[in-house]
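Could you look at this predicted model? Sequence included:
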Amino acid sequence: MKATNLLIASALLIFGAQAFAARSSSNYRLENESHDPGAADRSSASYGSMTRLPGAESQPRSSSAYMARSGSLGALIAPVSLSLQVSNDEPDEGTQISVTASAMLDDDTQLTVPSSEIQWTTLAGPLSPPDPGGEINVPFLLNHTAAALKASWMGLDKQIDFSLRNAGSDNYGLLANEGLEDEWQALHCDANQDQIISPAEAALAHPDADPDEDKMNNLNEYLTSTIPTDANHRLAVQLMSLNGSTATLQFGPVAPGLTYKLWFKSALSAERQLIGSFPAGAPHAGQTIEIQDEDAAENVGFYSISAERTNES
């Protein structure tokens, strides 16, 4: 039994005293590879390390780009903060923006972090995470929209906020290029109000459609600021009474930003005559307006009402 122990101890002694030859490549050079607990320095163009195995004094390892803490063998990166830079945080819809990320290390140097190494999370809004190259395509919008993304990397988190701009009023998905404001169409046809317009909802929002079957299509409902899904909410004029040559009429509902014109025809084939023009400002907004036509004919006649949007300067 004693003879066996002596043989093992001798083998270890011979192994421990043997020093291996230096090794190198275009990027690294290992000066000494030894089981000596002191261990020689290792270095390359990018790294330098004074490695101490257990039982030896532990010293810091450093290079021009990295620092490894004392006692942390092989720990070359110690990030302390994460930063995000964006080319435009108030982009227009339909444009492309870029996001770059960098980390501050504990030796006050900065490290560029590829987008592909970051875990991205959409916190708010319709923005998708950046592609591997850091590019983001801003979708078309119904209205100005806030958005936020979060970047997570090596235990660090950073949030970036956006204000997405709706640059056009008639360019959203299946509602685009129909002559009506997309936001108005979505308000009345998007059943879930989730800004996801299905083909069936888009058909209901078409300018020629009449969802409430009140004989006013969506285009006319839009022009008169009435509700296209409520048959009782439509612009109309009614003859309330006729006393001699004085007719009392009521029309509405009226809306801000519109000017209403009351017309009269003595016959359907006759040329219409303007009775009066009525801006729908306060306090009439949302109400009906009652007027009197003192020159009304006692025979059969026809009244009609039209609405025009007030020119905005």
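Here it is on my side, so go on.

and the closest residue in space to Pro114 that isn't next to it in sequence, what does it touch?
Leaving out its chain neighbours, the residue that sits closest to Pro114 by CB to CB, 6 or more residues apart in numbering is Pro132, at 7.3 Å. In this view, the C-beta of every residue, glycine as well, is placed from N, C-alpha and C. Counting by CB atoms under 8 Å, 6 or more residues apart in numbering, Pro132 touches Pro114, Ser115, Ser116.

now the last one, what's its secondary structure?
In other words, Ser116. helix (DSSP: H, G, I helix; E, B strand; the rest coil).

okay, now it: neighbour count?
Using other CB atoms under 10 Å, Ser116 has 10 neighbouring residues.

For Ala147, see how far away it is.
Noted for Ser116: a distance of 21 Å to Ala147, by CB to CB, to the nearest Å.

so Glu201 sits in a helix?
Yes - using three-state DSSP, the assignment for Glu201 is a helix.

so it makes contact with Cys189?
Yes - with contact defined as CB atoms under 8 Å, Glu201 reaches Cys189; the gap is 4.6 Å.

More neighbours: which of those two?
Set Glu201 next to Cys189 and count neighbours by other CB under 10 Å: Cys189 wins out with 22 against 18.

Now that one. Nearest residue, chain neighbours left out?
Ala205 (3.8 Å).

List the contacts of the one you found.
By CB under 8 Å, 6+ apart, the neighbours of Ala205 are Leu175, Glu178, Leu180, Gln185, Ala186, His188, Cys189, Ile197, Asn218.

Could you tell me which of the residues you listed belong to strands?
Residues of the contacts of Ala205 located in strands (DSSP state E): none.

Most neighbours of all these, which one?
Gln185 (27 neighbours).

which residues sit in contact with it?
Here Gln185 is in contact with Leu175, Glu178, Ala205, Asn218 (CB under 8 Å, 6+ apart).

which residues pair with Thr122 across the strands?
Leu149 (DSSP bridges).

That one contacts Ser128, correct?
Yes - counting by CB under 8 Å, Thr122 does reach Ser128; the two are 6.9 Å apart.

about what we covered before: ok, which pair from the contacts of Ala205 is furthest apart?
Ile197 and Asn218 (14.1 Å; CB to CB).

and Leu123, how many neighbours?
12.

Equivalent analysis for Ala78, please.
With other CB under 10 Å as criterion, Ala78 counts 15.

Now the phi/psi pair for the nearest residue to it once chain neighbours are set aside, please.
Of all residues not flanking Ala78 in the chain, Asp106 sits nearest, at 4.2 Å (CB to CB, 6+ apart). Dihedral pair for Asp106: phi -80, psi 0, per degrees, to the nearest 10.

My read is that Asp106 contacts Val80, right?
Yes - using CB under 8 Å, Asp106 is in contact with Val80, at 5.2 Å.

So these two - more neighbours on which side?
Asp106 (14 against 11).

Next one: the more buried one from Gln238, what distance?
Taking CB to CB, one finds Asp106 at 80 Å from Gln238.

would you put the C-alpha positions of stretch 102-118 in CSV?
Listed next in CSV are the C-alpha coordinates belonging to stretch 102-118 (Å, rounded to 0.1, in the frame of the first residue of the first chain):
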residue,chain,number,x,y,z
SER,A,102,-24.5,51.2,-26.0
ALA,A,103,-23.3,50.0,-22.6
MET,A,104,-21.1,51.8,-20.1
LEU,A,105,-18.6,49.5,-18.5
ASP,A,106,-17.1,49.8,-15.1
ASP,A,107,-13.9,51.2,-16.4
ASP,A,108,-15.8,54.1,-18.0
THR,A,109,-15.5,52.7,-21.6
GLN,A,110,-18.5,52.3,-23.9
LEU,A,111,-19.4,49.1,-25.7
THR,A,112,-21.8,49.1,-28.8
VAL,A,113,-24.5,46.5,-28.2
PRO,A,114,-26.0,45.0,-31.4
SER,A,115,-29.8,45.1,-31.6
SER,A,116,-29.8,41.3,-32.2
GLU,A,117,-28.3,40.8,-28.7
ILE,A,118,-31.0,42.8,-27.0
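
and it, which residues are buried?
Residues of stretch 102-118 classed as buried by neighbour count (16 or more other CB atoms under 10 Å): Ala103, Leu105, Val113, Ser115, Ile118.

ok now it, how far from the chain's centre?
26 Å (CA atoms, centre = their mean, to the nearest Å).

what do you get for stretch 165-179?
16 Å.

who's in contact with that stretch?
90-94, 140-145, 180-183, 185-186, 197-199, 201-202, 205-207, 219.

Among those, name the ones in helices.
Asp182, Glu183, Gln185, Ala186, Pro199, Glu201, Ala202, Leu219 (DSSP state H).

Strand partners (parallel or antiparallel) of whichever strand or helix holds Ala101?
Per DSSP states H and E, Ala101 falls inside strand 96-105. Strand pairing for strand 96-105, determined by DSSP bridges: strand 79-86 (antiparallel), strand 110-113 (antiparallel), strand 135-137 (antiparallel).
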